[in-house]
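1. Have a look at this fold, sequence not included:
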């Protein structure tokens with residue numbers, strides 16, 4: 001409390017706090033923030049096309065990884081995301097249409113490329129779903145799910 005008596009104002013994560021002493025000597029803190037309020041992330045959709053032609057449409061939010069969308073929607077994609085996004089398997093391997101692949105915001109990392117080397121049915125437009133973060137621009141995309149998966153942790 002002694003520290004607070006000598007402290008007139010302080011800032012935490014962009015929020016300024018000021019101390020006032022009222023006539024009754026009661027301290028009242030007033031906070032003002034220059035941060036933007038949190039808003040709900042926009043909903044996005046993605047369609048998974050399985051090797052047998054079955055199409056599975058799922059919803060997620062901007063900022064979700066494709067792996068998050070699969071898990072959050074409890075989709076039936078056998079073995080998908082076995083390592084839970086730690087880049088130690090290749091089970092979330094997906095094949096993107098060329099135009100979508102070219103529009104992805106980030107290039108694959110060396111670690112992702114290493115895991116893709118172990119993936120079955122790898123194409124030039126292959127990526128790991130755990131590494132793709134959905135944006136508004138990716139809303140409505142279709143991705144192909146390979147017929148077989150390879151869990152690189154078991155090789």
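-> Here it is on my side, so go on. Because the structure is a prediction, the values reported are computed rather than measured. Residues are numbered from 1 along each chain as shown.
2. Could you use CA atoms for every contact and neighbour count after this?
-> Will do.
3. Which helix or strand in the chain has the lowest average pLDDT?
-> strand 27-33 (a mean of 40; mean pLDDT, DSSP states H and E).
4. Helix or strand next in line after it, which one?
-> strand 43-49 (DSSP states H and E).
5. As a check, name the ranges of all strands in this structure.
-> 9-12, 15-21, 27-33, 43-49, 55-61, 93-95, 126-128, 141-144 (DSSP state E).
6. looking at those, which has the lowest confidence?
-> Looking at those, the lowest mean pLDDT belongs to strand 27-33 (a mean of 40).
7. Buried residues in stretch 64-84, which are they?
-> Within stretch 64-84, the residues that count as buried by 16 or more other CA atoms under 10 Å are 64, 65, 66, 67, 68, 69, 70, 80, 81, 82, 83.
8. if I pick the fifth one, what's in contact with it?
-> By CA atoms under 8 Å, 6 or more residues apart in numbering, the contact set of residue 68 is 60, 130.
9. what do you get for the last one?
-> Contacts here follow CA under 8 Å, 6+ apart; on that basis residue 83 touches 89, 91.
10. again with the one 10 residues further on
-> By CA under 8 Å, 6+ apart, residue 93 lies in contact with 116, 119, 126, 127, 128, 129, 145, 146, 149.
11. right, and the third one touches residue 92 too?
-> No. Checked against CA atoms under 8 Å, the pair residue 126 and residue 92 is beyond contact range at 10.2 Å.
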